[in-house]
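In: Structure for this input, please:
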Amino acid sequence: MSSRPVILIVDDEKNTREGLVRALRGEYAVAEAENGQRALEWLETHAADVVLTDLRMPGLDGMALLSRLLGRDSKPTVILLTAYGSVETAVEAMKRGAYDFLTKPVNLDRLDLLLRRALGERQLGAENRRLKAQLDSKYGFENIIGTSPAMQEVFETIRQAAPTRATVLIQGESGTGKELVARALHQCSPRRDGPFVPVHCAALAPTLLESELFGHEKGAFTGALERRRGRFELADGGTLFLDEIGEIDAALQVKILRVLEERKFERVGGTETVSVDVRLVAATNRDLRARVAEGSFREDLFYRLHVVNLTLPPLRARDGDVVLLAQHYLKTLAEENGKPPVAISPEAMDVLQAYPWPGNVRELRNVIERMVVLGSGERLVAADLPAAVRDGAGGLALASRAGRVLRDAERQLIAEALRRHRNNRTKAAQDLGISRRTLHRKLNEFGLRAPGDA
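Out: Predicted coordinates for the structure are as follows:
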């Protein structure tokens, strides 16, 4: 079976069909049908990537054929051929689901460009479906999405640490998902039915944070009109997550250390000792070892927190996860914002992968939401990206795209050499000017298999 994209040409004019077959068969596997009914019969036993169909034909015309094809489970991409007088009808067909149209006589350069674009987006759609299947089967961990080796290590650490009561210190840049990891630790622990209580330590002044964590008695300070339970008490039997713990002052560090050691504390302004059973998970984007060295963070507290250390990789170090995350956010954010489902063009995806994401996953989510809300049409393109992302990606996106094109061209050359030499690897390697061993490696790399392969 040919590995080339399959184009089905449907036209009642024999000269048009034969001309298009001659123009396309060098690069594509091309089939032809003289009307819509014959096209449907051919498609019963064959698959086509693109159907290139005339709009006006006797019997089953292009519009009727389009309707029938769109009802199929594995529908091909449909491009219409039309005379100038039928352009309005072709536009209406696009509204119904046709990919695009070309006027007759067909401009072959325009056709080539349109086919490449359509096949590229079709390939991306297939990749999107594969990624969606991965997401639907929880190709991640407790709502944390990632398939990269770096994230697999994170998932394994969570699996090992979650069932214990050990304190966990999560380190990583802002926006890497530290709270998601803390929630995963809680959900996978025996404490999952208890409360998960998060506190952002950098958001409150030290005096307010002390009251927030430990509670206060009535009259402890101006405005303390009644006793208030703190976050440690609220988290009893569950997990307390202290985000940005590197920002707390020395006095609070002492009180937190005591809770970790004794599981006891007093409320602000009180003398009653409160006992709690709390699992502490802390997070920081600071280098706590450096803060210990400079004297701004207690060494004994650092080691109490550092029983299990979990470092989250930045998004730029998570190979392949940008695509996975982008597809996830395209779906969920479209639903959240009441927008119809959208796809993203290969060029836009190249830019997303080339951009270094200094704001990590949080920044990616915000960018995708902006595109979903402000973008127009069913396909988001590079122009829909914020200028800062396009500029930040620089020439890397172009290089990524060029690399993909070269890789596809190399694969095509190898497949054609094998066909020419009837899958004789020795002759194909000689034809390509490479060793048989190199050819074997390339076949494995590109997933090509000749008859007789295991």
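In: first vs last residue of stretch 71-78, how far apart are they?
Out: Distance across stretch 71-78, first residue to last, is 12 Å (CA to CA, to the nearest Å).
In: which parts of it are buried?
Out: For stretch 71-78, a neighbour-count test (16 or more other CB atoms under 10 Å) marks 76-78 as buried. The C-beta positions use only the backbone N, C-alpha and C, and glycine is treated the same way.
In: List of residues touching that stretch?
Out: 8, 43, 47-51, 53, 65-66, 69-70, 97-99, 118-119, 121-122 (CB atoms under 8 Å, 6 or more residues apart in numbering).
In: roughly how far is that stretch from the heart of the chain?
Out: How far stretch 71-78 lies from its chain's middle: 25 Å, per CA atoms, centre = their mean, to the nearest Å.
In: so what's residue 340 up against?
Out: 334, 378.
In: Local confidence estimate at it?
Out: If you check residue 340, the pLDDT there is 87.
In: which of the contacts of stretch 71-78 count as buried?
Out: Buried among the contacts of stretch 71-78 (16+ other CB under 10 Å): 8, 43, 48-51, 53, 65-66, 69, 98-99, 118-119, 121-122.
In: related to what we said a few turns ago, let's have the buried residues of stretch 71-78 in TSV, adding pLDDT, secondary structure and distance to residue 426.
Out: TSV is the format used below for the buried residues of stretch 71-78 (pLDDT from 0 to 100; DSSP: H, G, I helix; E, B strand; the rest coil; distance: CB to CB, whole Å):
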residue	pLDDT	secondary structure	distance to residue 426
76	91	coil	37
77	92	strand	38
78	93	strand	42
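In: Throw these into CSV and include distance to residue 14, thanks.
Out: Shown next, in CSV, are the buried residues of stretch 71-78 (distance: CB to CB, whole Å):
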residue, distance to residue 14
76, 22
77, 24
78, 21
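In: now, which of the residues you listed sits nearest residue 254?
Out: The closest of those to residue 254 turns out to be residue 77 (CB to CB; 66.6 Å).
In: beta partners for the closest one?
Out: Applying DSSP bridges to residue 77 gives these bridge partners: residue 50.
In: ok so, going back, go through the buried residues of stretch 71-78 and name the one nearest residue 174.
Out: Taking the buried residues of stretch 71-78 together and measuring to residue 174 by CB to CB, the closest member is residue 77, at 41.7 Å.
In: Now do the contacts for the residue lying closest to residue 215 once chain neighbours are set aside.
Out: Nearest residue to residue 215 in three dimensions, chain neighbours excluded: residue 230, at 3.3 Å (CB to CB, 6 or more residues apart in numbering). Neighbouring residues of residue 230 by CB under 8 Å, 6+ apart: 211-216, 267.
In: Now with 6 Å, please.
Out: 213-215 (CB atoms under 6 Å, 6 or more residues apart in numbering).
In: Could you measure from residue 44 over to residue 59?
Out: 17 Å (CB to CB, to the nearest Å).
In: Look at these two and report which has more neighbours.
Out: Neighbour totals were compared for residue 44 and residue 59, and residue 59 leads with 12 against 6 (other CB atoms under 10 Å).
In: I'd assumed that one was in a strand, is it?
Out: No. Using DSSP: H, G, I helix; E, B strand; the rest coil, the assignment for residue 59 is coil, not a strand.
In: Could you pull up the residues touching it?
Out: Neighbouring residues of residue 59 by CB under 6 Å, 6+ apart: 35, 37.
In: Can you give me the pLDDT of it?
Out: pLDDT at residue 59 comes out at 86.
In: Residue 144 too?
Out: 88.
In: Can you pull the phi and psi angles for the closest residue to it other than its chain neighbours?
Out: Using CB to CB, 6+ apart and skipping residues adjacent in sequence, the residue nearest residue 144 is residue 180, 5.1 Å away. When read as degrees, to the nearest 10, the backbone of residue 180 gives phi -60, psi -40.
In: for residue 337, same thing?
Out: With angles defined as degrees, to the nearest 10, residue 337 shows backbone torsions of phi -100, psi 10.
In: Also residue 30?
Out: phi -120, psi 130.
In: Start at 181, not 1
Out: Sure, I'll start numbering at 181, so the last one becomes residue 210.
In: mind listing what it touches?
Out: Counting by CB under 6 Å, 6+ apart, residue 210 has contacts 187, 201, 204.
In: ok, of the residues you listed, which come out buried?
Out: Using 16+ other CB under 10 Å, the buried ones in the contacts of residue 210 are 187, 204.
In: For residue 384, state which of the contacts of residue 210 is nearest.
Out: Nearest to residue 384 among the contacts of residue 210, with distances taken as CB to CB, is residue 187, at 63.7 Å.
In: Distance of the nearest residue to residue 370 once chain neighbours are set aside relative to residue 206?
Out: Of all residues not flanking residue 370 in the chain, residue 343 sits nearest, at 6.6 Å (CB to CB, 6+ apart). Note on residue 343: its distance to residue 206, by CB to CB, is 61 Å.
In: cool, and residue 439?
Out: If you go by CB to CB, the gap between residue 439 and residue 206 works out to 74 Å.
In: Which one of the two is surrounded by more residues?
Out: residue 439 (20 against 9).
In: wait, doesn't the more buried one sit right on residue 454?
Out: No. Taking contacts as CB atoms under 6 Å, residue 439 lies outside contact range of residue 454: 9.6 Å.
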